[in-house]
Structure formats: C-alpha cells, structure tokens
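In: The following block contains a protein sequence and its predicted model.
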Amino acid sequence: MAQDTLTIIDNRTQQTYTLPIENGAIRAMDLRQIKTGPEDFGLMTYDPAFMNTASCRSSITFINGERGILRYRGYPIEALAAQCTFLEVAYLLLFGELPTAAELTRWASEIAHHTVLHTAIEKFMEGFRYNAHPMGMLVSTVAALSSVYPEANDIHDPENRLHQIVRLIAKAPSIAAIAYRHSKGFPCVYPDNQLSYTENFMSMLWKMAEPKYVANPVLARALDTLFILHADHEQNCSANAMRSVGSAHTDPYLTTAAAAAALAGPLHGGANEAVLQMLDEIGAKQNVPAYVKKVKAGHGKLMGFGHRVYKNYDPRAKIIKQTAEQVFEVTGRNAKLEIALELERIALEDDYFIKRKLYPNVVFYSGIIYQAMGFTPKMFTVLFAIPRVAGWLAQWQEMLTDTEQKIARPRQIWTGHEVREFVPLNSRTTVAGTRGT
C-alpha cells in the first residue's frame, strides 16, 4: 500500500476506504464514496469558517503562522519591505517575478497613465453625503467603474484582463483621495504623474494652494512600506470573497468591490481603529498594568494582539514597529506609542498571553502611524484596501487560470424541517417562539 494514503474504516458499515494524500491534504470529493447505502449522498466535511479547508492551490503568498513567516512568491516580507517599492511588489504578486529596471519603468508608466478618473465617476462621488464613510465610498465607486468600462466583462482575454488590472491599481488611490477630500469639503486634486505611486497619493490627499506638492521622503517611504505589508495575505476573508465572486466570472470591478466590502468589516480591515480606541481608553503608560490585569480577568480584549493564522510574532508588526520610529522622527513622538510599547512589553513577558500565543499583529502599530501622518481613523481601512487591490487581483487571476476551479458553491448540513403540510392563511395560528404581534 502506498504511504501517501489515508485508510478510513466506516464503523457504520465496516467498509474500508483508501484515499490518496497530496500536498498534505485529501480531496473532499473522495469522501463522497463513503456511503451507508445507494440513497446516501456520501460523506461531507463540516468546517465552519473554513478553519481547516483548502479551497485552492496558490503560489502567491506563503504563511507559516507557527514560525511567523510571510513570503510573497517565495521572497521574505522583510527583504521586500526593506528593498522594494510597492509597485515592484505589485508586479511580483501579479506576474510571479520581480521586474527588471526596464520592466518596472514601463509598469510604473502604465499605472501613472490610468490614475485619472472618468468625469462620470467624479460626479458620482460628488453625490455622496458630506459625512459618508470613505470605505463605503470606495466600495461603491469601484463597483461603479464596471459601468464605465463594460469591456471588462471579457475576463478570458489576457490582454484585456491586464488592462483592467492596471486601471484598478492606478485608480484605487485616486478614489481614496477623493473620498478623503470629500469628507473635508475640499475639491479633488488631479494626479501628478511625475510623482511616485505613494507621493502622488499624498499629493491628491493634501495638496492645497501650492504649485506642486512635495512629500516628505520619510513619510512617503513609510507609506510605501505599509502598502507592501498589506498587499496580500493568503486566503483571508476578502481574498476568499474575491475568489468566490470571481468564480462566477463577474467582472474585476464588481469582484474587487465585493472583496473591499469584506475588508470593511471590523473583524478584518477595521481592527486598527479599535487599537487606537483601546490606547485612548488606557490613557497613559502608567495605566497599562491595570488595563492588562482587567483583560486577564475577562473584562475587555487586548486589541491588536493575536491572529487567526499567526501563533508567533506577526512579521509585519516587527517591520511596522521600526517604521513607526522613523515616522515619529518627522512628526514628533506620539504619546500613544509609549502606551503601545509598554503594553507590548508587559504582554510579551506575561505567561497569560504567552500561553495563548497572543503577539502583536499588523494593526497594532499601523493605526498609530496613520494617525501621526494626518489620517483620520475612518481612512484606515481605505489605506488597507489600496495596496490589497494588487493582491486581490493576483488571487483573482490565479483563480481564473486554474483549470480545477469552478463557481464556488459550498454544501450545507440540513437542520431544518422535513416535508410540512401547507396551512392556508386563514387557518394559521401563532406558534410559540415565532414572531407575533
């Protein structure tokens, strides 16, 4: 018998089944042969929230949560964050290799060429209420691009697909900047294609009456680093949404809007705002021990600690911690950083948190940096979404070219009624436990 197999004995029937193991997994469909009789549908797996289910094969992002490893296309995140620009990393995610100098110049030029928004989209964004949430504006506007570029429906043409990918990566910062300025009552600023990707974004955000906006190089580099760290993160909630919606062959604008909608949730992209609220609640460095004691007693949570995948120090958090120091040399030291550092120090030395493998994650320091740079908390998830567009599109394209993929359609375990006798309207009575008057 081959070693790369799994033998299952069905104690209901005493039947034995041998299933092949490949890449540390068995195929769920192989379980369908395990039946109690001809009328039996076959065995399924029950896995709420996909805690232990692989839905695809992927070569984009690798995570080893136990060892605190994150790699894009095989490259450690530490090397990419230290030596690359965001557009280099976006190219890597999408095409599998880092660009040459010539390829990067051409890629950056293509992106810059598509940063301007169609006037119909500008007018569309003007229609939002003055207090509209920037993330809601981003989701809605990305979806609206589908009506401006109907040719995007031809998702099986590689050249056309790439054209839409370039458009989305280029226009995401432009949409985000208009959403931000809309909340401030400021007119939109058109892109400056002589600037880098992040410098151009900063110009569209903060340029006022000056002839040309000049970004602080330290802050521009910090933002570029944060974009690299947020570019992709394997099969998370929003990537799963991108693949699931994309499996219906929906165009990339509507598909990306669906992924962004998933990111908007407080359990996914909105967590760094909660970290700031926690630090505000703590108030001062000397209050940290008392707050930690309260958390250990079951009153409240330590926001920004722990991760669904990482059971070690999130490698992105280490880089962001270093980036924070560089940012504060320019902006001045934020009192919240002192609270955060003390909170991290105590938590990493306390057996309560060590046993639970609660280490700082990527959102723990990112919100502090964004706030120091001048962003309001409502913009934090938008800043997460801009670089993640590249990762989503890489996941989407990989899904489309994977011959094993079909339209996503999970099974369910039925827990409802069997066949019921229909009761005419005038004969129905209120049943205890149902909604009544």
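Out: That came through fine. The structure displayed is predicted, hence computed values, not measured ones.
In: so where is the stretch 151-300 of the chain shaky, pLDDT-wise?
Out: Judged against pLDDT under 70, the stretch 151-300 of the chain has no low-scoring part.
In: Which parts of it are helices?
Out: Along the stretch 151-300 of the chain, counting by DSSP state H, counting those that start in this stretch, helices occupy 158-184, 197-206, 217-229, 237-246, 252-263, 271-282, 288-296.
In: same for the first one, what does it pack against?
Out: Meaning helix 158-184. helix 101-113, helix 119-126, helix 134-148, helix 197-206, helix 252-263, helix 380-400 (3 or more C-beta pairs under 8 Å, 6 or more residues apart in numbering; DSSP states H and E). For every residue, glycine as well, the C-beta is placed using N, CA and C.
In: could you dump those to CSV with mean neighbour count?
Out: Output for those, formatted as CSV (neighbours: other C-beta atoms under 10 Å):
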stretch, mean neighbour count
helix 101-113, 14
helix 119-126, 15
helix 134-148, 21
helix 197-206, 23
helix 252-263, 25
helix 380-400, 25
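In: List the residues that contact Glu78.
Out: Going by C-beta atoms under 8 Å, 6 or more residues apart in numbering, Glu78 touches 315, 318-319.
In: so Leu219 touches Leu205, yeah?
Out: No - Leu219 is not in contact with Leu205 according to C-beta atoms under 8 Å; the separation is 11.3 Å.
In: per-residue pLDDT, Ser146?
Out: On the pLDDT scale, Ser146 is placed at 97.
In: no no, Ala432
Out: At Ala432, the model reports a pLDDT of 61.
In: what do you get for Met1?
Out: Value for Met1, per-residue pLDDT: 49.
In: how many other residues sit next to the residue nearest to Leu263 when sequence neighbours are not counted?
Out: Among residues not flanking Leu263 along the chain, Gly269 sits closest, at 3.9 Å (C-beta to C-beta, 6 or more residues apart in numbering). Using other C-beta atoms under 10 Å, Gly269 is surrounded by 25 other residues.
In: Could you do Val89 as well?
Out: 27.
In: Tell me if I am right that it is in a helix.
Out: Yes - checked against DSSP: H, G, I helix; E, B strand; the rest coil, Val89 lies within a helix.
In: for Phe62, helix, strand, or coil?
Out: Under the three-state scheme (three-state DSSP), Phe62 adopts strand.
In: Tally up the residues packed near the residue nearest to it when sequence neighbours are not counted, please.
Out: Distances taken as C-beta to C-beta, 6+ apart put Arg71 closest to Phe62, at 4.5 Å, once the chain neighbours are dropped. Arg71 has 17 neighbours, counted by other C-beta under 10 Å.
In: Backbone dihedrals for Arg71, please?
Out: Here is the backbone geometry of Arg71 (degrees, to the nearest 10): phi -130, psi 140.
In: next one: phi and psi at the closest residue to Arg161 other than its chain neighbours?
Out: Leaving aside its chain neighbours, Arg161 sits nearest to Ile155 (5.9 Å; criterion: C-beta to C-beta, 6+ apart). Ile155 adopts backbone torsions of phi -80, psi -10, taken as degrees, to the nearest 10.
In: do you know how far the closest residue to Asn153 other than its chain neighbours is from Pro173?
Out: Excluding the flanking residues, the one nearest Asn153 by C-beta to C-beta, 6+ apart is Asp251, at 5.0 Å. As judged by C-beta to C-beta, to the nearest Å, Asp251 and Pro173 stand 21 Å apart.
In: got it, and Ala248?
Out: For Ala248 relative to Pro173 (C-beta to C-beta), the value is 28 Å.
In: Please apply the same query to Asn52.
Out: When distance is defined by C-beta to C-beta, Asn52 is 37 Å away from Pro173.
In: on contacts alone, who are the packing partners of the helix or strand containing Ile9?
Out: Using DSSP states H and E, the element containing Ile9 is strand 5-10. Under the contact criterion of 3+ C-beta pairs under 8 Å, 6+ apart, strand 5-10 touches strand 15-20.
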